[in-house]
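Student: Could you look at this predicted model? Sequence included:
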Amino acid sequence: MLSTIIALLISYLIGSIPTAYLFVKFFKGVDIRSVGSGNVGATNALRALGKKAGFTVLFLDILKGFISVVFLGDFFANQPHLLPLQNLRIIMGLACICGHIWTVFLRFKGGKGIATSFGVLLGLAFKIEGLNWVVGLLILLWLMVFLVTRIVSLASILCAIGLPVFSLIFKLPAFFICLSILLCCFVLWRHKSNLSRILKGQEPRLYFRKSVS
C-alpha cells in the first residue's frame with residue numbers, strides 16, 4: 001500500500017517539473033504564462049525561444065512520462081503493491097500526466113499534457129504487447145495532420161481521439177483502454193479554447209522558420 005502511494009507521488013512530482021516555465025524564465029527572464037498562448041508547454045516555449053530550446057523542452061517533457069513508467073516502474077517492480085505491475089505502470093503514467101497538467105510548482109496550473117502523455121505511451125509500448133503499433137499509428141497520424149494543416153492542437157486532438165479507437169482495434173488490455181478514454185477526455189477538455197478557435201478558423205499555425213527569435 002505504502003509503496004504504491006510513494007510510486008504515484010513520485011510520478012506526479014516528476015510530471016510536475018514545469019520544463020517550459022523554467023526554460024523561458026532562465027533564457028528570457030519572463031513567465032511563459034504571460035507570453036504567446038500562455039500555455040506551459042513545448043509549443044509555446046518553441047514560439048518564445050526558438051527551435052533549439054523548444055525541442056529541448058519537448059524532449060524533456062516526453063522524458064518525464066517515459067521515466068515514470070519505465071525506470072520508476074522497474075524500481076517499484078519488486079516492491080509490494082496493490083495492483084498488477086502492468087496496471088501500476090499505467091496508473092503511474094496517469095499520475096505523471098496529471099502532474100504536468102496540474103503542477104504543484106505553479107499553483108496547479110500547467111501544460112496540456114500532450115508531450116508527457118506521448119512519453120507515457122512510448123514507455124508503456126515497451127511493456128504492453130501491441131501498444132507499439134498504436135503508438136506508431138498515432139505518430140503517423142500526428143505528422144500527417146500537422147504537415148497538412150500546421151496546427152499542433154488539431155493534430156494532438158485527433159491523436160487523442162485516435163488513441164482509444166486504435167486501442168480497441170488492437171484489443172489492448174481493458175485497463176489500458178480505460179486509460180486511453182480518460183486521456184482522450186483530458187486532452188479534449190484541455191483544448192476547449194483551441195477547438196473553439198479551430199472551428200472559427202482562428203487557431204495559429206506553426207511554421208518553424210517563424211518561430212526562431
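Tutor: On my side now, so go ahead. Residues are numbered from 1 along each chain as shown.

Student: sec struct for the residue of the chain most remote from its centre, please.
Tutor: Relative to the centre of the chain, and counting by C-alpha atoms, centre = their mean, the farthest-placed residue is Pro80 at 28.1 Å. The assignment at Pro80 comes out as coil when based on DSSP: H, G, I helix; E, B strand; the rest coil.

Student: if I read this right, it contacts Ile6, doesn't it?
Tutor: No: at 11.4 Å, Pro80 does not count as touching Ile6 under the criterion of C-beta atoms under 8 Å. Yep, even glycine has a C-beta here, placed from its N, CA and C like the rest.

Student: Buried residues, stretch 122-129. List them.
Tutor: 122-125, 128 (16 or more other C-beta atoms under 10 Å).

Student: now swap in stretch 45-54 and tell me
Tutor: 45-49, 53-54.

Student: again with stretch 69-77
Tutor: Here stretch 69-77 shows 69-70, 72-73, 76 as buried, counting by 16+ other C-beta under 10 Å.

Student: Sort out for me which of the residues you listed are in helices.
Tutor: 69, 72-73 (DSSP state H).

Student: Where does the prediction get shaky in the protein?
Tutor: The chain contains residues with pLDDT under 70 at 208-213.

Student: if I look at the closest residue to Val30 other than its chain neighbours, how far off is Gly50?
Tutor: Leaving aside its sequence neighbours, Val30 sits nearest to Val24 (C-beta to C-beta, 6 or more residues apart in numbering; 6.2 Å). Using C-beta to C-beta, to the nearest Å, Val24 is found at 11 Å from Gly50.

Student: The buried residues of stretch 122-129 into JSON lines, with extra columns for distance to Ala155 and secondary structure?
Tutor: Formatted as JSON lines, the buried residues of stretch 122-129 follow (distance: C-beta to C-beta, whole Å; DSSP: H, G, I helix; E, B strand; the rest coil):
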{"residue": "Leu122", "distance to Ala155": "17", "secondary structure": "helix"}
{"residue": "Gly123", "distance to Ala155": "21", "secondary structure": "helix"}
{"residue": "Leu124", "distance to Ala155": "21", "secondary structure": "helix"}
{"residue": "Ala125", "distance to Ala155": "19", "secondary structure": "helix"}
{"residue": "Ile128", "distance to Ala155": "24", "secondary structure": "coil"}
